[in-house]
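> model this:
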Amino acid sequence: MNARDLGGLRRVDGTTTPRGVFYRSENVDGVTPAGWEQIYQTGIRTIVDLREPSERASDRNERPSWIHTETVELNGFANDEFWRDYLPNGLARTALYFLPHLEAMPKRAVSALSAIVSAPPGGVLFHCLRGRDRTGMISLLLLSAVNTDPEEIVDDYLETVRRGDWRAAWSYENNEEAALEAFCQSLGTSTENAFRAALTALDLRGVLSAADVSPKVEEALRSWRGSIQPHY
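Numbers count the residues shown, from 1 in each chain. Presented below is the predicted three-dimensional model:
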């Protein structure tokens with residue numbers, strides 16, 4: 001319900017992001033054999049799971065032998081000092097935590113990026129639980145790395161918001177987007193503007209530097225695995 005190719009988005013130079021390189025989605029725990037065949041046909045050969053071990057424990061379905069899976073715990077819940085300011089009050093359900101997280105734990109995000117851009121040949125699908133926030137943060141970084149038009153980056157984030165009813169039905173939950181919007185409004189912003197603020201203030205070079213990213217990984221990131229001319 002929340003899967004898509006990050007290709008085809010307009011870049012500042014007038015070109016578009018390459019298709020078939022990176023995909024985002026909600027978790028793939030319930031994918032059927034027919035669904036795996038569809039994934040195979042797209043060219044995806046690696047899945048990068050951004051969830052916590054407790055979230056991954058519910059996935060007991062066998063995966064095809066041709067798919068490679070990497071796990072990266074993006075949240076870093078062991079950092080109690082950080083999360084006590086974002087979990088109890090609900091900020092962790094919004095883009096308001098993106099930049100503080102990147103500042104406090106840049107190596108978490110860069111570990112995820114490294115797993116994605118250094119994967120074996122083939123398309124790479126990355127996901128968290130619902131494909132909204134952790135996946136949204138990594139999408140923000142991937143798209144920014146190749147100078148994607150800011151409006152396209154915002155629209156990609158909002159596409160997940162627009163699919164709220166579908167996502168809720170898929171997970172047998174209520175659509176929380178209205179409540180999250182009201183929460184953001186109570187803080188003087190909105191779901192969209194909170195993300196726009198994170199995008200505007202993002203210092204990708206600073207994040208990569210703080211995490212001591214290797215030249216090889218940065219090259220792969222800024223060229224989307226060699227599919228475009230690197231953007232610095």
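
> mind listing what the nearest residue to P53 once chain neighbours are set aside touches?
Ranked by Cβ to Cβ, 6 or more residues apart in numbering and with sequence neighbours excluded, the top spatial neighbour of P53 is E73, at 7.2 Å. Where you see a C-beta, it was placed from the backbone N, CA and C, and this is true even at glycine. By Cβ atoms under 8 Å, 6 or more residues apart in numbering, E73 lies in contact with 50-53, 108.

> go on, G123?
Going by Cβ under 8 Å, 6+ apart, G123 touches 20-23, 42-46.

> out of the residues you listed, grab the one that's most surrounded.
F22 (26 neighbours; other Cβ atoms under 10 Å).

> what number of residues lie near the residue lying closest to that residue once chain neighbours are set aside?
In space, and not counting its chain neighbours, F22 is closest to L6: 4.6 Å by Cβ to Cβ, 6+ apart. Using other Cβ under 10 Å, L6 has 24 other residues around it.

> from the contacts of G123, which ones fall inside strands?
22-23, 44-46 (DSSP state E).

> and R84, how far from F77?
11 Å (Cβ to Cβ, to the nearest Å).

> so S171 is in contact with R130, correct?
Yes. With contact defined as Cβ atoms under 8 Å, S171 reaches R130; the gap is 6.6 Å.

> intersection of neighbour lists for the two?
By Cβ under 8 Å, 6+ apart, the residues touching both S171 and R130 are E26.

> who has more neighbours, these two?
Just comparing S171 and R130: by other Cβ under 10 Å the higher neighbour count belongs to R130, 23 against 14.

> number of residues surrounding the residue lying closest to that one once chain neighbours are set aside?
Spatially, and ignoring its direct neighbours in sequence, R130 is nearest to E26 (5.0 Å; Cβ to Cβ, 6+ apart). Around E26 there are 22 other residues, counting by other Cβ under 10 Å.

> got the confidence number for E26?
As predicted, E26 sits at a pLDDT of 94.

> how about the helices in the protein?
33-42, 53-56, 80-83, 98-104, 106-117, 134-145, 150-162, 164-171, 177-186, 191-201, 204-210, 215-222 (DSSP state H).

> can you tell me how far Q229 sits from T46?
Relative to T46, and taking Cβ to Cβ, Q229 is found at 23 Å.

> same question, F98
From F98 to T46 the distance is 24 Å (Cβ to Cβ).

> what's the nearest residue in space to E55 that is not next to it in sequence in contact with, if anything?
The shortest distance from E55 to any non-neighbouring residue, by Cβ to Cβ, 6+ apart, is to L129 (5.7 Å). Contact analysis of L129 by Cβ under 8 Å, 6+ apart lists 26-27, 51, 55.

> ok, so of these, who is nearest C184?
Nearest to C184 among the contacts of L129: E26, at 21.5 Å, using Cβ to Cβ.

> that older thread, now the helices of the chain as TSV including distance to R11 and mean pLDDT?
Formatted as TSV, the helices of the chain follow (distance: least, Cβ to Cβ, whole Å; pLDDT from 0 to 100):
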stretch	distance to R11	mean pLDDT
helix 33-42	22	96
helix 53-56	33	94
helix 80-83	33	97
helix 98-104	21	98
helix 106-117	17	98
helix 134-145	9	98
helix 150-162	8	97
helix 164-171	28	77
helix 177-186	28	95
helix 191-201	15	98
helix 204-210	15	98
helix 215-222	12	97
